[in-house]
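Asks: Turn this into a structure:
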Amino acid sequence: MESMLVQFVVSCLVFSSCLRYGNAGITSSFVRSEYPSVDIPLDHRVFAVPKGHNAPQQVHITQGDYDGKAVIISWVTADEPGTSKVEYGTSEKKYEFSAEGTITNYTFYEYKSGYIHHCHVDGLEHDTKYYYKIGSGDSSREFWFITPPKVGPDAPYKFGIIGDLGQTFNSLSTLEHYMHSGGQTVLFLGDISYADRYQYNDIGIRWDTWGRFAEQSTAYQPWIWSAGNHEIDYMPYLGEVTPFKNYLQRFTTPYYASKSSNPLWYAIRRASAHIIVLSSYSPFVKYTPQWMWLREELNRVDREKTPWLIVLMHVPIYNSNDAHYMEGESMRAAFESWFVQYKVDVIFAGHVHAYERSYRISNIHYNVSSGDQYPISDKSAPVYITVGDGGNQEGLAGKFRDPQPQYSAFREASYGHSTLEIQNRTHALYHWNRNDDGKKMATDAFVLHNQYWGTNHRRRKLKKHFARKYIDRAAY
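Replies: Purely as a prediction, here's the structure:
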């Protein structure tokens, strides 16, 4: 424990000094002995179908509104539609309330899905544990979840960050490590099942196996979904030309609540964080629906209520790995000036199967004829973090560009996950945890200072606020 504390303090000091002086970052030389990058066999326990006729399976929940007082509970019944009712309450085995959901199914090539249920459960109380039951008779199943605290500037909360997960033994290691991290909600960065690496009916089957594989976490806490390239499933050779067909049938988002016109981009507020989800594979240039929505959503952000502004996307804007190098440049050109203007705290991306963290930098003064040619230090810019290392079957992206760019603070080609633990309106603790030969190892850590409340005049305002609060208390 003491050695981990020392490592954390050293990481914080190194990060702070590098931010100030622009020193070069670290390329980790760690090489791990990984599990084979192949999917878990279909007869493995993690893919087991629940017992009982037509028992609900592939259960997952996500936030169901803008402020965390609703959830969307989703599941699949394999044999027949069955009931789409969710019974729920605040005491185990005692269900005071119920909600009715919807049922759909679809085909992909010759694969026919099970019956997919989505049930919107609203009117929940903040910071409350709810128990819920789905299914009927002996085949019913029971789970629970905890709602977030009321939206407010000092509401503490711990997010997990996972990307490019897949369903290999490395994926299982990542998921199990995350489940012991104390994270309360997953921010998922796209590339879910990697079912598109299969053919014909096996594509749908591997979407089903992933749902059962992840249920050990997704049934008990919200996963905030974003889509990656492996969700597109554009396969003309099968006659399947509707992008995101499998993904959109199985996973739903509260996009209406943030006035979005498309479930692939949306926003939520959770505890003290305002989280914006963008779609790297939908049009985003000027005047497109996503561009116009983001412009409006950034104007809706109230840093007095949600001081932490977090953006999720699949393709990283800054990436010094040979894999997918410069693929995020077009989105950078479209949105980076807004990210700086609105002082986004951190941007998480996946796609590259490695880990990398940047300093606060921007390239907003560059254009095709003049300006700064390289990213420069910018105190108003976000930290960019790539967490595309969940464990999928494509393996690690082990070749980083040399020399390491000055904007890159730390990079390593290993599997793992991250956590962001918000303490209050001014500070959050960030960790990247490497799957070190099957063990979780905190490898990169730093204190993230809030961009809005970190400015001098707002620090003074905050001190006055707390001083007034204590004077008022003393008066009583």
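Asks: alpha carbons only for contacts and neighbour counts from here, please
Replies: Fine.
Asks: which stretches of the stretch 1-150 of the chain have low pLDDT?
Replies: For the stretch 1-150 of the chain, the stretches with pLDDT under 70 are 1-24, 29-36.
Asks: Strands of the stretch 201-350 of the chain, residue ranges please.
Replies: Ranges of strands within the stretch 201-350 of the chain are 223-224, 266-270, 273-277, 308-312, 346-349, based on DSSP state E, counting those that start in this stretch.
Asks: Format the ones you listed as a markdown table; extra columns: mean neighbour count and distance to residue 291.
Replies: As requested, those are exported to a markdown table (neighbours: other CA atoms under 10 Å; distance: least, CA to CA, whole Å):
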| stretch | mean neighbour count | distance to residue 291 |
| --- | --- | --- |
| strand 223-224 | 23 | 21 |
| strand 266-270 | 25 | 12 |
| strand 273-277 | 24 | 12 |
| strand 308-312 | 26 | 14 |
| strand 346-349 | 25 | 17 |
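Asks: With mean pLDDT added, can I get those strands in a markdown table?
Replies: Below are those laid out as a markdown table (pLDDT from 0 to 100):
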| stretch | mean pLDDT |
| --- | --- |
| strand 223-224 | 98 |
| strand 266-270 | 98 |
| strand 273-277 | 99 |
| strand 308-312 | 99 |
| strand 346-349 | 98 |
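Asks: As a markdown table, the ones you listed with distance to residue 284 would be great.
Replies: As requested, the strands of the stretch 201-350 of the chain are exported to a markdown table (distance: least, CA to CA, whole Å):
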| stretch | distance to residue 284 |
| --- | --- |
| strand 223-224 | 20 |
| strand 266-270 | 13 |
| strand 273-277 | 13 |
| strand 308-312 | 14 |
| strand 346-349 | 16 |
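Asks: Residue 259 is nearest to which of the ones you listed?
Replies: Nearest to residue 259 among the strands of the stretch 201-350 of the chain is strand 266-270; the distance by CA to CA comes to 7.8 Å.
Asks: Return the list of strands paired to the closest one, each annotated with direction.
Replies: strand 273-277 (antiparallel) (DSSP bridges).
Asks: Check the gap between the residue sitting nearest the centre point of the chain and residue 242 for me.
Replies: Centre of the chain computed as the mean C-alpha position; nearest residue by CA atoms, centre = their mean is residue 187, 1.8 Å away. Counting by CA to CA, to the nearest Å, the separation of residue 187 from residue 242 is 26 Å.
Asks: now residue 90
Replies: In this view, residue 90 and residue 242 are 41 Å apart by CA to CA.
Asks: higher neighbour count, those two?
Replies: Legend: neighbour count by other CA atoms under 10 Å for residue 90 and residue 242, higher for residue 90 (17 against 12).
Asks: Is the more buried one in contact with residue 127, as I believe?
Replies: No. The pair residue 90 / residue 127 is not scored as a contact, 11.3 Å apart, by CA atoms under 8 Å.
Asks: on that earlier part again, tell me which of the strands of the stretch 201-350 of the chain lies nearest to residue 446.
Replies: strand 346-349 (12.6 Å).
Asks: Tell me the gap between that closest one and the middle of its chain.
Replies: Relative to its chain's centre, strand 346-349 lies at 9 Å (CA atoms, centre = their mean, to the nearest Å).
Asks: What pairs with the helix or strand following it, parallel or antiparallel?
Replies: Remark: after strand 346-349, the chain's next helix or strand is strand 355-358, criterion DSSP states H and E. Strands that pair with strand 355-358, judged by DSSP bridges, come out as strand 383-387 (antiparallel), strand 408-412 (antiparallel).
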